[in-house]
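Visitor: 3D model of this:
(one chain, ligands or ions: 1)
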Amino acid sequence: MALVENDPFENSRKQVHDACDLLDITDKGMREYLVMPNRVLRFKIPVMMDDGNLRIFTGFRSQHNNDKGPYKGGIRYFNPKGGVEYMEREVMALSSWMTWKCAILDLPLGGGKGAVYVNPKEEKISAGEKERITRRFAYMLSEVIGPEKDIPAPDVYTTGKEMIQIMDTFGKLNGNRYTPGVITGKPVPVGGSLARNVATGLGSAYCTREAAKTLKIPLKGAKVVLQGFGNASTYAGIYLEKMGCKVIGASDSKGSVLVPAGFKMDKMMEHKSKKGTVVGYPGSKKVTAAELLTAKCDILVPGALENQIDAKIAAKLQCKIITEAANGPTFPEADPIIFKKKILLIPDILANSGGVCISYLEWVQNNQGYYWSFDDVAGKMETTIVRGFKASYEFAKKHKVDMRKASMAIAVDRVVKAFEHRGLWP
Ligand SMILES: NC(=O)c1ccc[n+]([C@@H]2O[C@H](COP(=O)([O-])OP(=O)(O)OC[C@H]3O[C@@H](n4cnc5c(N)ncnc54)[C@H](O)[C@@H]3O)[C@@H](O)[C@H]2O)c1
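Guide: Residues are numbered from 1 along each chain as shown. All right, here's what the predicted structure looks like:
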């Protein structure tokens, strides 16, 4: 019986087993080794609130695997519907996905994820309270994180501000040292990397370009539909537009629109910043989320939320490429339908890996104390992500599987090889 309803960790377990099936890994112990996190920390975070009352928050850090290098993964402040127990399983699953995301790019990093069970937006947590939560969280983690151990990053409702507070707390607890390599996603003036803000969307655009090349779809005039209009989806749209594509659809939490003649990204961004939504854009037609996803286009970029493309929607899809800029936008039951329709789906662990790739490059710059230009960083990310795409595409062709299974299999294989080289000790 699952420990929580819709247990996300069970999904990650299944994906690892599917990859092991493809790789002929039959050893039960090895499978369990790959599934389970190395350790999951759950701890209390006592915080003095502004009203003078002491409040106890719950914090987590799951360190999934470090065979290829230090754990890497974000910290979110959130309150998933399933409660604290669900959050523990979610953090475990997310840490596992980070292991595979780093491995498909062959980064010298493993997977981790952290969280505090709190919704700072809904609960109107003040800036001072948020800082006290963050610094206490960093204190609780101070012995298990570090530039060579575990390198956190921002995630839902955490920003560069919290990253600096964690860096500062960690440094002061460790002999008052400047330790920018303990965390990524920092603001540029304090050790952050150029191109980090555009990284995820830019990486999605590079993957899409490679997919179009293999399918011989010219990017000039190729029609793009974006689900979402936030960081990942907007930059995917901006860079695809630069590559010659025409964006014809977008959405946000207030609704979805199609503009058959296409629109310029800067004009839509201007509209959204004035009106607070993409809805109402001149010449656009308001449609449902399902209509947006199933609109006739060449490239669909689900870049907002998880669990968007179910079997019903998959059956009606009219695109040629799906670039999963969001994490987990496709239900498992939709995958075989999409594969059968010969739509090339670039899975999330590859399509949105630009973010972790530039986080890796930020850490490299911090460790060497020398900083690269925007073009240097973007160029290194392009090389890395294109190599990941090609490896995954070739594996998929050779084994006649979809790219999700292919990417997972390559990633799992790389971690197994690292484990075998290092051996088991003690
Ligand atoms: N930003 C990154 O570096 C990064 C990296 C890897 C993965 N991702 C993934 O990309 C996805 C989006 O993240 P982001 O950073 O762009 O977030 P964001 O908050 O910047 O944007 C999210 C967008 O989704 C829209 N949205 C919310 N509810 C919606 C709904 N019901 N229908 C349509 N749109 C809706 C919001 O209006 C917003 O435009 C997430 O799955 C995230 O995990 C982001």
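
Visitor: Does the ligand have contacts with the helix ranked longest in the chain?
Guide: In the chain, assigned by DSSP state H, the helix with the most residues is helix 374-399. No: Helix 374-399 stays clear of the ligand (C-beta under 6 Å from any ligand atom), getting no nearer than 12.2 Å. C-beta coordinates here come from the backbone N, C-alpha and C atoms, glycine included.

Visitor: helices or strands next to that helix in the packing?
Guide: If you count contacts as 3 or more C-beta pairs under 8 Å, 6 or more residues apart in numbering; DSSP states H and E, helix 374-399 packs onto helix 83-104, helix 199-215, helix 348-351, helix 354-368, helix 403-422.

Visitor: In terms of helices and strands, where is Pro260?
Guide: If you go by DSSP states H and E, Pro260 is part of strand 255-263.

Visitor: Same question for Gly74.
Guide: strand 71-78.

Visitor: list the buried ones in that strand?
Guide: Neighbour-count burial for strand 71-78 flags 71-78 (criterion: 16 or more other C-beta atoms under 10 Å).

Visitor: what does stretch 300-309 give?
Guide: 300-304, 308-309.

Visitor: Equivalent analysis for stretch 12-20, please.
Guide: 12-13, 15-16, 18-20.

Visitor: Distance to Phe339, pLDDT and secondary structure added to those, as TSV?
Guide: Shown next, in TSV, are the buried residues of stretch 12-20 (distance: C-beta to C-beta, whole Å; pLDDT from 0 to 100; DSSP: H, G, I helix; E, B strand; the rest coil):
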residue	distance to Phe339	pLDDT	secondary structure
Ser12	20	92	helix
Arg13	22	95	helix
Gln15	15	93	helix
Val16	20	97	helix
Asp18	13	95	helix
Ala19	16	97	helix
Cys20	20	98	helix
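
Visitor: The strand holding Pro260 pairs with which strands, parallel or anti?
Guide: Using DSSP bridges, strand 255-263 pairs in its sheet with strand 246-252 (antiparallel), strand 285-287 (antiparallel).

Visitor: Relative to the ligand, how far out is Ile145?
Guide: With distances taken as C-beta to the nearest ligand atom, to the nearest Å, Ile145 is found 20 Å from the ligand.

Visitor: Could you report the neighbour count for that residue?
Guide: Residues lying near Ile145 (other C-beta atoms under 10 Å) number 23.

Visitor: tally of neighbours for the residue in the chain positioned nearest to the ligand?
Guide: Nearest residue of the chain to the ligand (C-beta to the nearest ligand atom) works out as Gly230 at 1.7 Å. When neighbours are defined as other C-beta under 10 Å, Gly230 has 17 of them.

Visitor: ok, now which ones touch it?
Guide: Contacts for Gly230 (C-beta atoms under 8 Å, 6 or more residues apart in numbering) come out as 252, 303-304.

Visitor: which SS state does Ile56 fall under?
Guide: Taken by DSSP: H, G, I helix; E, B strand; the rest coil, the conformation at Ile56 corresponds to strand.

Visitor: ok, so what distance separates it from Val116?
Guide: According to C-beta to C-beta, to the nearest Å, Ile56 and Val116 sit 11 Å apart.

Visitor: Just give me the residues shared between the contact sets of the two.
Guide: Joint contacts of Ile56 and Val116 (C-beta under 8 Å, 6+ apart) are Ile45.

Visitor: Looking at those two, which has the bigger crowd around it?
Guide: Comparing Ile56 with Val116 by other C-beta under 10 Å, the one with more neighbours is Val116, at 26 against 8.

Visitor: Name the residues of stretch 107-122 that are buried.
Guide: For stretch 107-122, the neighbour count (16+ other C-beta under 10 Å) marks 107, 109-118, 120 as buried.

Visitor: Format the residues you listed as TSV; extra columns: pLDDT and distance to Gln368.
Guide: Formatted as TSV, the buried residues of stretch 107-122 follow (pLDDT from 0 to 100; distance: C-beta to C-beta, whole Å):
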residue	pLDDT	distance to Gln368
Leu107	98	16
Leu109	98	16
Gly110	98	21
Gly111	98	24
Gly112	98	22
Lys113	98	26
Gly114	98	26
Ala115	98	31
Val116	98	32
Tyr117	98	37
Val118	98	36
Pro120	95	34
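
Visitor: burial of Lys316, as a residue count?
Guide: The number of residues near Lys316, taken as other C-beta under 10 Å, comes to 13.

Visitor: when you give positions from now on, start the count at 238
Guide: Will do, 238 is the new start, and the previous item becomes Lys553.

Visitor: residue contacts, it?
Guide: 527, 531 are the contacts of Lys553 under C-beta under 8 Å, 6+ apart.

Visitor: Look up the pLDDT of it for me, please.
Guide: Lys553 is assigned 98 on the pLDDT scale.

Visitor: do the one 10 residues further on as well
Guide: Ala563 is assigned a predicted lDDT (pLDDT) of 94.

Visitor: and the gap between the closest residue to Val277 other than its chain neighbours and Thr371?
Guide: Spatially, and ignoring its direct neighbours in sequence, Val277 is nearest to Ser299 (4.7 Å; C-beta to C-beta, 6 or more residues apart in numbering). Using C-beta to C-beta, Ser299 is found at 18 Å from Thr371.

Visitor: Show me which of the two is the more surrounded one.
Guide: Ser299 (28 against 24).

Visitor: which residues in the stretch 288-437 of the chain form strands?
Guide: 291-302, 308-315, 348-354, 387-391 (DSSP state E, counting those that start in this stretch).

Visitor: Kindly reformat the ones you listed as a markdown table containing distance to the ligand.
Guide: Shown next, in a markdown table, are those (distance: least, C-beta to the nearest ligand atom, whole Å):
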| stretch | distance to the ligand |
| --- | --- |
| strand 291-302 | 16 |
| strand 308-315 | 8 |
| strand 348-354 | 11 |
| strand 387-391 | 8 |
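
Visitor: contacting residues around the residue lying closest to Thr396 once chain neighbours are set aside?
Guide: Using C-beta to C-beta, 6+ apart and skipping residues adjacent in sequence, the residue nearest Thr396 is Gly422, 7.8 Å away. By C-beta under 8 Å, 6+ apart, Gly422 lies in contact with 311, 390-391, 396-397, 400, 429, 433, 596, 599.
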